[in-house]
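K.L.:
give me the fold of what follows.
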Amino acid sequence: MTKESTFTLGLAIAALGLTVAVPGTTLAQLATDVQCVGCVQSSDIEDGTISPLDLIPGSINTNTIANLSITGNKISGGAVTGAKIANSTISPAKLIPGSINTTTLANSSVTGNKIADGVVTSSKITNGTVLLEDLNQEVIDAINAAAGGATHTVDCVGATGDFTSIQDAVDASSGADRILLLSDCAEDVVIVGAMGLTISGDEDGNMNLGGDHTLTGTIFVDNRTAILEYLTVQNGTGPGIWFDGAVIGFLNNVVSTGHNGSGFLLNLASIAGVVDSSFTGNGTVDYGAGIEVANGSSVRVINSTMSNNGDDGIGVFRDSFAYVTGSTLNSNGVFVDFNAGFQIAHHSSVRSRDNTATGNGYAAVEVGAQSFFRSDNGDTLTAADDGGCDFLNNFNCPVGIDIYRQGYAEVRGTSTLNGGVQGAAASVFHQSLFEFRGGATVNGDIAAGGLAYVRARSDSVFNGVMDCNTDNTSGTMFGLTICRDQAP
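P.N.:
Below is the predicted model of the structure:
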């Protein structure tokens with residue numbers, strides 16, 4: 001058969017709506033020139049980035065992408081390849097007409113490292129798994145405009161990002177803007193302008209403690225609202241994070257470590273929430289607690305760690321308040337400096353629940369100067385071990401709770417107070433009060449004096465000696481002391 005007759009036969013069969021397998025060049029022609037209404041053709045996409053062999057028939061067509069929003073000039077070379085769309089990873093059911101268009105695909109914002117097999121599904125798009133940082137700046141700004149803020153990226157090494165310092169990004173921000181770190185930075189940051197600013201080190205979207213990047217320096221916030229999240233702040237010359245002057249803020253998965261002062265200082269009527277964060281190794285030069293709350297400030301701490309700080313785990317002073325739950329306060333302070341896991345003084349108060357405080361310098365809890373501590377439930381408060389110390393004859397032994405100068409402490413519920421190997425559960429002096437009740441357990445001795453009042457309720461467990469004898473009154477230690485052992 002001649003070439004002409006072969007061609008004529010093919011036309012006749014095609015006219016009848018039939019198909020025929022033709023070898024050689026004809027098969028190649030069918031593979032490269034597939035034609036259908038609404039399909040994405042190789043001529044639509046420059047440089048052959050998506051060829052017919054890379055697509056499953058019908059997976060991308062006018063039914064899934066309105067108004068031909070994907071055309072050749074809208075996808076950069078290599079951005080979407082067969083490996084990304086194979087096996088129906090992106091199917092018609094996964095796309096909303098018009099959802100991929102010039103505003104979402106501009107500047108190669110969707111690239112190979114953003115899409116892997118099975119990553120983009122309808123459930124992941126609706127539940128927020130595709131995050132802002134996966135989109136280009138045009139989309140981010142549009143979303144944030146609706147939400148009241150924009151995102152600014154910071155790369156302190158200058159490779160990418162909108163700014164090369166956090167401070168520059170802060171100064172350029174307004175409203176509820178978000179600053180996202182793309183690298184480690186070294187600077188002191190001052191926030192005095194923008195209200196509701198967020199600083200985040202969560203570049204990769206993993207939401208890990210301490211984030212992906214570190215700020216070597218400090219963050220100072222003055223009379224603003226601010227959020228710090230997924231960020232490590234280290235080695236500052238003063239307090240690592242300082243809220244001063246009626247600040248309202250929130251710390252989430254923040255690590256603050258190695259500062260000369262406290263890891264986190266709230267001062268002058270500031271208020272903060274702290275969740276899943278860590279404050280360790282602070283107070284290397286000056287007074288330094290994990291968290292210091294002062295001068296009419298308040299904090300709520302949840303599931304966090306305040307350990308190995310030079311002075312206190314949490315210090316609450318001068319008309320301030322802290323509510324701490326599910327946290328760890330271990331190995332803080334130096335014994336001779338009377339430091340503690342919880343330090344409460346000067347008309348301040350702390351409520352504690354489900355916390356562990358052990359191995360702290362002088363006491364798990366030290367409360368005085370007309371201040372109040374209450375262990376609501378589930379706490380384990382243990383004195384640092386000192387096997388060579390005679391507690392009842394040496395009141396400077398490490399102790400579970402030290403109450404002085406009109407302080408008041410109460411342990412209740414399932415909380416346990418332990419006196420360590422030296423059996424020093426509590427010392428109560430100078431017109432102070434100590435009460436344990438509601439099923440609480442006290443293991444160790446109690447030394448009391450100076451118009452102290454100790455009350456052990458009958459629904460509690462006490463394994464130790466009260467060093468004011470078992471009388472209701474005793475003058476054996478620094479004046480009158482009242483003890484009520486197993487009183488109703």
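K.L.:
where does pLDDT dip in the stretch 1-150 of the chain?
P.N.:
1-148 (pLDDT under 70).
K.L.:
swap in 90 and give it another go.
P.N.:
1-149 (pLDDT under 90).
K.L.:
and what of the stretch 301-450 of the chain?
P.N.:
334-338, 386-397, 430, 448-450.
K.L.:
can you show me the helices along it?
P.N.:
Secondary structure of the stretch 301-450 of the chain (DSSP state H, counting those that start in this stretch): no helices located.
K.L.:
swap in the stretch 151-300 of the chain?
P.N.:
So, for the stretch 151-300 of the chain - with DSSP H, counting those that start in this stretch - the helices run 166-172.
K.L.:
L329 is in contact with D311, isn't it?
P.N.:
No: L329 lies out of contact with D311 (C-beta atoms under 8 Å); the separation is 12.0 Å. For glycine as for every other residue, the C-beta is placed from the backbone atoms N, C-alpha and C.
K.L.:
more neighbours, those two?
P.N.:
Taking neighbours as other C-beta atoms under 10 Å, L329 and D311 compare with L329 leading, 32 against 24.
K.L.:
state the pLDDT value of T284.
P.N.:
You'll see T284 listed with a pLDDT of 89.
K.L.:
now do the same contact list for it.
P.N.:
By C-beta atoms under 8 Å, 6 or more residues apart in numbering, the residues touching T284 are 258-260, 310.
K.L.:
if we go to 10 Å?
P.N.:
235, 257-261, 309-310 (C-beta atoms under 10 Å, 6 or more residues apart in numbering).
K.L.:
L392 and T382, how far apart?
P.N.:
18 Å (C-beta to C-beta, to the nearest Å).
K.L.:
can you pick out the residue with more neighbours from those two?
P.N.:
When neighbours are counted by other C-beta under 10 Å, L392 and T382 differ, and T382 comes out ahead with 24 against 16.
K.L.:
roughly how far does the more buried one sit from A447?
P.N.:
Distance, T382 to A447, using C-beta to C-beta: 17 Å.
K.L.:
and P239, by the same measure?
P.N.:
P239 is 35 Å from A447, by C-beta to C-beta.
K.L.:
point out where the stretch 151-300 of the chain drops to low pLDDT.
P.N.:
158-159, 174-175, 193-194, 284-287.
K.L.:
on that earlier part again, find residues that contact each of L329 and D311.
P.N.:
With contacts taken as C-beta under 10 Å, 6+ apart, L329 and D311 have 289-290, 340 as neighbours in common.
K.L.:
who wins on neighbours among these?
P.N.:
That'd be G290 among the shared contacts of L329 and D311, by other C-beta under 10 Å, with 35 neighbours.
K.L.:
ok, how many other residues are close to G158?
P.N.:
The number of residues near G158, taken as other C-beta under 10 Å, comes to 10.
K.L.:
wait, it touches C185, no?
P.N.:
No: with contact defined as C-beta atoms under 10 Å, G158 does not count as touching C185 (11.3 Å).
K.L.:
shared neighbours, those two?
P.N.:
Counting by C-beta under 10 Å, 6+ apart, the common neighbours of G158 and C185 are 164-165.
K.L.:
T325 bridge partners, please.
P.N.:
T325 has these beta-bridge partners by DSSP bridges: I302, R353.
K.L.:
ok, it - contacts?
P.N.:
300-304, 351-355, 376-379.
K.L.:
on that earlier part again, which among the shared contacts of L329 and D311 gets closest to T216?
P.N.:
G290 (18.9 Å; C-beta to C-beta).
K.L.:
pretty sure that closest one sits against S278.
P.N.:
Yes: contact criterion C-beta under 10 Å: G290 and S278 qualify, at 8.4 Å.
K.L.:
okay, and the common contacts of these two?
P.N.:
Shared contacts of G290 and S278, defined by C-beta under 10 Å, 6+ apart, comprise 256-257, 263, 304-307, 328.
K.L.:
name the member of those with the most neighbours.
P.N.:
For those, neighbours tallied by other C-beta under 10 Å; top is M306, 34 neighbours.
K.L.:
relative to G313, how far out is that residue?
P.N.:
Counting by C-beta to C-beta - M306 and G313 are separated by 4 Å.
K.L.:
need the overlap of contacts for those two.
P.N.:
Counting by C-beta under 10 Å, 6+ apart, the residues touching both M306 and G313 are 279-280, 289-291, 324, 327-330, 332, 341-342, 355, 357, 360.
K.L.:
among the residues you listed, name the ones in strands.
P.N.:
Among these, the members falling in strands (DSSP state E) are 279-280, 291, 324, 328-330, 341-342, 357.
K.L.:
does R374 really touch S352, like I thought?
P.N.:
Yes: at 7.0 Å, R374 counts as touching S352 under the criterion of C-beta under 10 Å.
K.L.:
identify the contacts common to these two.
P.N.:
The contact sets of R374 and S352 overlap at 411, 415 (C-beta under 10 Å, 6+ apart).
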